[in-house]
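Trainee: no sequence for this one, just the structure:
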């Protein structure tokens, strides 16, 4: 891909061919449509690069101080090599753009491939054809907003954060000193807030532009017209706040701010101007001097910007990402207009010439955009591998005496384990609850007291090393399932793990490596719906198929409560990754095969998913997994259509079968279940315990568990790629 770079030592600007960034977890890969040149910040950097070494030192005394400290610590030769090495390197330019999401990393659920986003950051929103952007540094572009306007998002956020620091109120008067790009946006934001604005800039063209976009009056800082306008608008009291959006080495902006500000007014520094505060002037008015740090809270915090850890809205209302989204919203609603600020749009290939024209003064501009060529290459169809199950034959499970209890250990004792599994096991003859393992001692003690475990511990190794324990239940958070399963298999235990088995292809491969290494394939995943008695009877009555089938599965999942750990997608995977295996397994069981491809699409924000599975005989299954439905509607409804027959399942309460040729009459309708829905947990546990006791086959073949897990993983890949995902080696 191509990227604009600069050598800070020589001042050379170039458009280089560099490797394209990968799409890492926690962010998106964005193909740039437009990127914005910051005619203030970037041109300052470009100008500094063209200076002599002495000039560079004079312009950056802060860096000189660091060099001197390094000399004192490391000596002159080492410091010289370090400084020259850093200077004589290419550095990127740019920090504000709009582009199209080309790939979505794991843990991202608010955008999908093809969405338009505005991006921020001098490391992630560069003048480059492709950028990887972490979650908190992009925001979706509202419908109808032009990409070239959305490219102003970052600069708009800088202006917005400055305005927030000034705390403007309706009816106040503000002074904006410096009417470059930031200053022009500050003028519009203040006007939109009900504040009357006076602008100051030595350039009459910029003054005229500011008046056109909302300023009440503008003029040269040395002119009497500015003071007269302030006196007229404020009744002689002075402005309520001053915004310093100017650059350069003059102290005039700071002095002018003190002269025109009212008693106890606010002065906000947004730009990078000289700040030698005249003590008497600022003291006598008791002026409140504030700094505005870039785009807002979160800036320069690696945990926020890189790790995606948001600040709670109750504590930090306006983070840099929320500022970005807010500015885009104002643009979309016409409250801010950036079109008058666009002085020039250049093709990206002409970037070097454009910078040179700006530097030389041949191109006088407030805002300049780079326009990137449309990307027309077809995306390569993604593939998710279905690992082959290999057994070494090293382990075997002998049959047990009917009088010998099956001794079970539970790793985890959360809500699902205590409400849906343990109540069934405590009532089952021939089962002994041996040990419960949790990360906290109290939760283990509670589970021991409620369900009669012989022992409670936090020591997993002791359980895995206990040869008297026949089977281990893994009922922990999703991110730990694969590793705990792998360890239990290597310890020779029969394993029951709740879904999902794995959250990544690597985790799935690791589980199967443990099977191959140990020869232990005694594994069951908690896909319980295939064991539901009502669904089993309905399947039997449907009979054998002769032609391909169409299956529709509507899952009215509903919204999660705020704070649920299911929402921790960065660590625990998406909600569908955690629960979707249930529905894929049920569909594959009803159709009698494993899927060979997966296609997934979603509404904005990935709230509602449509997952289409294709099977080798031409059958298809569509799973609608929705969270925005009415809570009173049944959670799960399923229709299976084939050979002139329709099987209907209504939320595991009633099932029915319609047959062609019967005059539209139902051939069979189940009686409504008298008690709570039976989704198969009891029968599933009975089959598992029987397999442990007898040493017979596991209730579900391992190959099927692997295929279902791979298909579930393929849903995320499908959402990221926007095309069908092939399940390699699917049977």
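Mentor: Cool, got the structure. Since this is a predicted model, take the numbers as computed values, not measurements. Numbers count the residues shown, from 1 in each chain.
Trainee: wait, what's in contact with residue 384?
Mentor: Applying Cβ atoms under 8 Å, 6 or more residues apart in numbering to residue 384 gives the contacts 505, 598, 710-711, 713-714, 717, 725-728. Bear in mind the C-beta positions are built from the backbone N, C-alpha and C, glycine included.
Trainee: Filter those residues down to the buried ones and hand me the PyMOL line.
Mentor: Buried residues within the contacts of residue 384, by 16 or more other Cβ atoms under 10 Å, are selected in PyMOL with:
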select buried, resi 505+598+710+711+713+714+717+725+726+727
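Trainee: Cross the contacts of residue 384 against strands and list the overlap.
Mentor: 598, 725-728 (DSSP state E).
Trainee: So what's the residue count around residue 263?
Mentor: 10 (other Cβ atoms under 10 Å).
Trainee: So it sits against residue 238, correct?
Mentor: Yes - if you go by Cβ atoms under 8 Å, residue 263 and residue 238 touch, sitting 7.3 Å apart.
Trainee: Residue 110 belongs to a strand?
Mentor: No - looking at residue 110 with DSSP: H, G, I helix; E, B strand; the rest coil, it is coil, so not inside a strand.
Trainee: what about it, neighbour count?
Mentor: The number of residues packed near residue 110 is 17, by other Cβ under 10 Å.
Trainee: got it, and the one 10 residues further on?
Mentor: As a burial measure, residue 120 scores 29 neighbours (other Cβ under 10 Å).
Trainee: Report the secondary structure state of the residue nearest to it when sequence neighbours are not counted.
Mentor: Spatial nearest neighbour of residue 120, excluding adjacent residues (Cβ to Cβ, 6 or more residues apart in numbering): residue 154 at 4.0 Å. Of the three states, residue 154 takes helix according to three-state DSSP.
Trainee: what number of residues lie near residue 154?
Mentor: Quick note: residue 154 (other Cβ under 10 Å) scores 29 neighbours.
Trainee: isn't it right next to residue 36, touching?
Mentor: Yes - assessed by Cβ under 8 Å, residue 154 is found in contact with residue 36 at 7.5 Å.
Trainee: quick one: common contacting residues for these two?
Mentor: In terms of Cβ under 8 Å, 6+ apart, residue 154 and residue 36 are both contacted by the residues 96-97.
Trainee: Low-confidence regions, the stretch 451-600 of the chain specifically.
Mentor: Applying pLDDT under 70 to the stretch 451-600 of the chain flags residues 562-563, 565-571.
Trainee: Strands of that one, start to end?
Mentor: Using DSSP state E, counting those that start in this stretch, the strands of the stretch 451-600 of the chain run over 455-457, 471-474, 494-497, 523-525, 550-556, 597-602.
Trainee: Those strands into TSV, with extra columns for distance to residue 104?
Mentor: Output for the strands of the stretch 451-600 of the chain, formatted as TSV (distance: least, Cβ to Cβ, whole Å):
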stretch	distance to residue 104
strand 455-457	41
strand 471-474	29
strand 494-497	27
strand 523-525	26
strand 550-556	22
strand 597-602	10
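Trainee: For residue 361, which of the ones you listed is the nearest?
Mentor: strand 597-602 (49.4 Å; Cβ to Cβ).
Trainee: Relative to the closest one, what are the paired strands and their orientations?
Mentor: Strand pairing for strand 597-602, using DSSP bridges, gives strand 609-614 (antiparallel), strand 725-728 (antiparallel).
Trainee: Which of the ones you listed comes out lowest on mean pLDDT?
Mentor: Set side by side, these give their lowest mean pLDDT on strand 725-728, at a mean of 88.
Trainee: who's in contact with that strand?
Mentor: Contacts for strand 725-728 (Cβ under 8 Å, 6+ apart): 381-386, 594-600, 707, 710-711, 714, 717-718.
Trainee: Now intersect those residues with the helices, please.
Mentor: Among those, the members found in helices (DSSP state H) are 707, 710-711, 714, 717-718.
Trainee: can you tell me which of the residues you listed lies nearest to residue 293?
Mentor: residue 717 (38.2 Å).
Trainee: residue contacts, the closest one?
Mentor: 382, 384, 598, 725.
Trainee: In these, find the pair that's most separated.
Mentor: Once Cβ to Cβ is applied, these give 382 and 598 as the farthest pair, at 9.6 Å.
Trainee: Give me the common contacts of the two.
Mentor: In terms of Cβ under 8 Å, 6+ apart, residue 382 and residue 598 are both contacted by the residues 714, 717-718, 725.
Trainee: Just want to check the distance between the residue most central in space within the chain and residue 382.
Mentor: By Cα atoms, centre = their mean, the chain has its centre lying nearest to residue 108, at 2.9 Å. Residue 108 sits 16 Å away from residue 382, going by Cβ to Cβ, to the nearest Å.
Trainee: can you tell me which residues contact the residue nearest to residue 120?
Mentor: Each residue near residue 154 by Cβ under 8 Å, 6+ apart is listed here: 36, 95-97, 118-121, 125, 295, 324.
Trainee: Which ones among the residues you listed lie within strands?
Mentor: Counting by DSSP E, these contribute 36, 96-97, 118-120 to strands.
Trainee: Return the member of those residues nearest to residue 501.
Mentor: residue 119 (35.3 Å).
Trainee: Neighbours of that closest one, how many?
Mentor: For residue 119, the neighbour count with other Cβ under 10 Å is 30.
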